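sharing a model that was predicted from the sequence below.
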Amino acid sequence: MGLEIVTESSSQNANVVVECLRSWSQQAVAEVIEFRGETTVVVPRDLLRAVAERCRADAKLQFNLLTDATCVDRYPVEPRFELNYHLVSIPRRDKVRLQVRLSGQDPVVDSLVPVWPGANWLEREIFDLFGIRFSGHPDLRRILLPEDWEGYPLRRDYPVEGFRDVPSTGELFKKSSML
Amino acid sequence: MTTVETVTGAAKTMVLNMGPQHPSTHGVLRILLELDGETVVKAVPDLGYLHTGIEKSCEDKTYSQVITLTDRMDYLNPLGNNLVYCLAVEKLLGLEVPKRAQYIRVMMVELQRISSHLVWLGTHAIDLGAMSVFLYCFREREEILNIFEMFAGQRMMTSYIRIGGVALDPPAGWRQAVDKFLRMMPSRVDEYETLLTQNPIWIGRTKGVGYISPEDAIALSMTGPTLRAAGVAYDNRKVFPYSSYGEFKFEVPTRTESDCYARYLVRVAEIRESLKIVRQAMERILDEGPIKAEAPGIIPPQREKMKTEMEALIYHFKIFTEGFSPKPGDAFVSVESPRGELGCFVASDGSPKPLRVHFRSPSFINLQALPKLIEGQLIADVIACIGTIDIVLGEVDR
C-alpha cells in the first residue's frame, strides 16, 4: 500500500473483535490496523457479508448499528478503493471499522443491506460518487446526482472543476485540473 | 400527476409529486407518494437538489481551509460541524486541546443545539398550523445568534471552532450575556409547552403518528432524538464522550412511544438539559488561559510572537501558504448533533490536503426511514413525519 501505519496502544476491546472473528474463521481477518486508538479490521472481499453478519449477530460482538459506510480512492495505487464500514455496538459501547479493498478493474462487493437495512442509502451514495457496485442491493440507483450524469465525481482521477470546458481558458482549465 | 392501476385492479392508486418546492419539506426534498385515497401506500424520496459536492471540494483545500465549508452543510448547526471536523483532524494529528478551549466548545455547541431545536420547534409547529410558536421560538433564537455574534463576529457561518482550539478569546461581557440568556430561557420553554404540550389539536396531529419500532430504527441506522424517542438511550455525548463531556452532569431524555409527540417531548427536554450543560460549562471556563493548543507548524502562532520572533513568523507563513501535513492514516469521529450522530471521516496520505473527507450526516441517514414512518398513514401526517425527523437539506445532499 505504500502507507505508513502508526501503531498506538491497542485497546482491550479491539482484541475482542479480532479474536472473536479469528476463532470463527482464520481467513476472516486479513490485517488489523491500529491508529490513534481506532481499530480497522481488513476483511477479504468475498467474506465481507459473512463477517458483517457475524459482527451483528454474535453475542460477544453485538454490532447492531451501522453508523457509516464510505469509500477512499487511493488512485493510482492498486487496489485503489478502500470501503470503510463503521460499526457501533450500542449495548457494548464499542466501535470498530471494517475495511474491504477493491481493485479499479472490478469494483464489486456484496451489499450489506441484508445485514443492516440502513446500508441502503449509504451504498447508493458510494455507487453514485465512486462507481462501486454492490451485488444484492435491492435498489442500486444514483441518489445525489442526476440519473444521466457521466462519471463518478469523488474518484481521484475526476477533476475538481469537472470536465467542463471554458472557451477562452479551456486548455488552461484542463491542464490545471489534471495536475 | 399520473394514475396507476394496482395489481388487483380493485382499487385505484394515484402518484402524487410532493416537492421539491414544498414549504413543508424544509428545503428541496422531493417525495413521490403513491396514494390510495388519502392513505400513503408507498413513498419514494428523491434527493440531490442541493448537492454541492462539499466532500470533493474538501480534497482541494488545506486542512484549515475546509472548516469554512463545514459550516455550510447543516446550516442550523455550523458550530457542531466545525467541531466534528476539527476533532477528526486533531485525532489524525494526535493533538491535545486545552481544557479551556474544550469548555468553550461545549458551551457554544450546546447553545447551537438549543437554537437548532428552536428552529425545529418553530417550523414544525407552523407546518401543523400553530403560527405563534414559530414567532416565539425565533425570538429566543435571536438571543443565541447575538451571543454567537459576540464570540465570533458572525451569526450563522461562524467558523469559530478551529483545529487545536477556538478562533478567539471570549469577548468582554460574555458572561453577563450568557447568564442573562440562561435566566430567561427556562420560563420561555415553559411558554412553548403551555402552547403545545396539552393542546388538543397538537396532540391530535402528533400522538400515535409516525411510529417506528426501536428495532427498525436501529436497523435503519437512525440516531438522535428520533431514536431516543423510541426508547434507545444512545447519545454520543454519554456513550463515547468527546470534548470533556464526561465531566458534565446531564440526563439523556428518552420516551418509549416513538411517535411524533414523543419526539417533540424529547427535543423540548433536550433544550432544558442543554441549558444545564451551558451553565456548567460557563462556570468551568476560566477568565485566563489558552484557547489553542501549542503546536508550532500546525496552530498559527500568537500575533505578538509573530511580530517579534523569527521562527513564529516562518511558521505563520508556512501554515497559510502550504498548510500542515498529518501522518498518513484514517480517523473517524462522531459527535451528537441536534439531529443525531454527526460523523466525520478524514483520511490523510501525508500531504497538506486531505485525501478524503466524508461526513456521516444524520439528516441523510434518518431520512432513509421516512417511507417506513409514513407508509400506511394519511397524507396530512407526511408533513408531521418530515418535521419530526428534523432534516436539513444542506446536510442531506452536502
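Perfect, thanks for sending it.

and chain A, what are its domain boundaries?
Domain ranges of chain A: A:12-148, A:151-179, per automatic domain parsing.

please work out which of those domains is packed deepest.
domain A:12-148 (a mean of 18; mean count of other C-beta atoms under 10 Å in any protein chain shown). Where you see a C-beta, it was placed from the backbone N, CA and C, and this is true even at glycine.

pLDDT of it, averaged?
Average pLDDT, domain A:12-148: 88.

next one: it to chain centre, how far?
6 Å (C-alpha atoms, centre = their mean, to the nearest Å).

can you pull up the most central residue in chain A?
Geometric centre of chain A, nearest residue: A:Leu83, 1.4 Å, by C-alpha atoms, centre = their mean.

quick one: that one from A:Arg74, how far?
Distance, A:Leu83 to A:Arg74, by C-beta to C-beta, to the nearest Å: 12 Å.

apart from its chain neighbours, what residue comes closest to the residue of chain A found nearest chain B?
At 3.0 Å from chain B, A:Gly118 is the closest residue in chain A, using C-beta to the nearest C-beta. With C-beta to C-beta, 6 or more residues apart in numbering or on different chains as the criterion, A:Gly118 has its nearest non-adjacent residue at 3.0 Å, and that residue is B:Ser221.

and for B:Met157?
Using C-beta to C-beta, 6+ apart, the nearest residue to B:Met157 is B:Asp71, at 4.2 Å.

one more: B:Lys305?
Nearest in space to B:Lys305, with sequence neighbours left out and distances taken as C-beta to C-beta, 6+ apart, is B:Ala312 at 4.1 Å.

give me the pLDDT for that neighbour.
On the pLDDT scale, B:Ala312 is placed at 89.

what helix or strand is it located in?
helix B:310-321 (DSSP states H and E).

can you report phi and psi for A:Thr70?
The phi/psi pair for A:Thr70 (degrees, to the nearest 10) reads phi -150, psi 170.

give me the beta-bridge partners of the closest residue to it other than its chain neighbours?
Of all residues not flanking A:Thr70 in the chain, B:His358 sits nearest, at 4.2 Å (C-beta to C-beta, 6+ apart). For B:His358, the beta-bridge partners are B:Phe345 (DSSP bridges).

can you report how many residues lie near the nearest residue to B:Gly343 once chain neighbours are set aside?
Leaving out its chain neighbours, the residue that sits closest to B:Gly343 by C-beta to C-beta, 6+ apart is B:Arg360, at 3.1 Å. B:Arg360 has 24 neighbours, counted by other C-beta atoms under 10 Å in any protein chain shown.

now swap in B:Gly329 and tell me
B:Gly329: 23 surrounding residues under other C-beta under 10 Å.

now do the strands in chain B.
Along chain B, counting by DSSP state E, strands occupy B:2-5, B:12-18, B:30-36, B:39-46, B:161-162, B:165-166, B:329-337, B:340-348, B:356-360.

for chain B, what's the longest helix?
Ranked by residue count under DSSP state H, the longest helix found in chain B is helix B:99-127.

list the helices and strands it packs on?
On a contact count with 3 or more C-beta pairs under 8 Å, 6 or more residues apart in numbering or on different chains; DSSP states H and E, helix B:99-127 meets helix B:78-93, helix B:131-152, strand B:165-166, helix B:174-196, helix B:260-284, helix B:379-389.

what sits against the residue nearest to B:Leu76 when sequence neighbours are not counted?
In space, and not counting its chain neighbours, B:Leu76 is closest to B:Ser116: 4.4 Å by C-beta to C-beta, 6+ apart. Neighbour list for B:Ser116: B:Leu76, B:Asn77, B:Pro338, B:Arg339 [criterion: C-beta atoms under 8 Å, 6 or more residues apart in numbering or on different chains].

next one: B:Lys307
By C-beta under 8 Å, 6+ apart, the neighbours of B:Lys307 are B:Leu313.

that older thread, next one: the residue nearest to A:Thr70 from A:Glu125, what distance?
In this view, B:His358 and A:Glu125 are 9 Å apart by C-beta to C-beta.

for B:Asn82, same thing?
For B:Asn82, the distance to A:Glu125 - C-beta to C-beta - is 23 Å.

next one: B:Met18
From B:Met18 to A:Glu125 the distance is 22 Å (C-beta to C-beta).

tell me, how many residues neighbour the residue lying closest to B:Ile277 once chain neighbours are set aside?
With C-beta to C-beta, 6+ apart as the criterion, B:Ile277 has its nearest non-adjacent residue at 4.6 Å, and that residue is B:Glu110. Residues lying near B:Glu110 (other C-beta under 10 Å) number 27.

hmm, B:Glu110 is touching B:Ser274, no?
Yes - using C-beta atoms under 8 Å, B:Glu110 makes contact with B:Ser274 at a distance of 4.4 Å.

thinking again about what came up before, now the contacts of B:Ser116 in a markdown table, with pLDDT and neighbour count?
Shown next, in a markdown table, are those (pLDDT from 0 to 100; neighbours: other C-beta atoms under 10 Å in any protein chain shown):
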| residue | pLDDT | neighbour count |
| --- | --- | --- |
| B:Leu76 | 90 | 26 |
| B:Asn77 | 91 | 28 |
| B:Pro338 | 92 | 28 |
| B:Arg339 | 91 | 29 |
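
could I get these as a markdown table with distance to B:Pro301?
Shown next, in a markdown table, are those (distance: C-beta to C-beta, whole Å):
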| residue | distance to B:Pro301 |
| --- | --- |
| B:Leu76 | 34 |
| B:Asn77 | 30 |
| B:Pro338 | 35 |
| B:Arg339 | 37 |
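
so B:Pro253 is in contact with B:Ser274, correct?
No - using C-beta under 8 Å, B:Pro253 makes no contact with B:Ser274, being 10.6 Å away.

how about B:Pro225: what's its closest non-neighbour residue?
Among residues not flanking B:Pro225 along the chain, B:Val266 sits closest, at 4.7 Å (C-beta to C-beta, 6+ apart).

if we can go back for a sec, and the residue nearest to B:Met157, what does it touch?
Residues near B:Asp71 by C-beta under 8 Å, 6+ apart: B:Pro78, B:Asn81, B:Asn82, B:Met156, B:Met157, B:Thr158, B:Ser159.

need the phi and psi values for A:Val29.
Backbone torsions for A:Val29, taken as degrees, to the nearest 10, come to phi -110, psi 110.

so which of the helices and strands packed on helix B:99-127 is nearest B:Asn366?
helix B:379-389 (5.0 Å; C-beta to C-beta).

pLDDT on the closest one, on average?
In the prediction, helix B:379-389 has an average pLDDT of 88.
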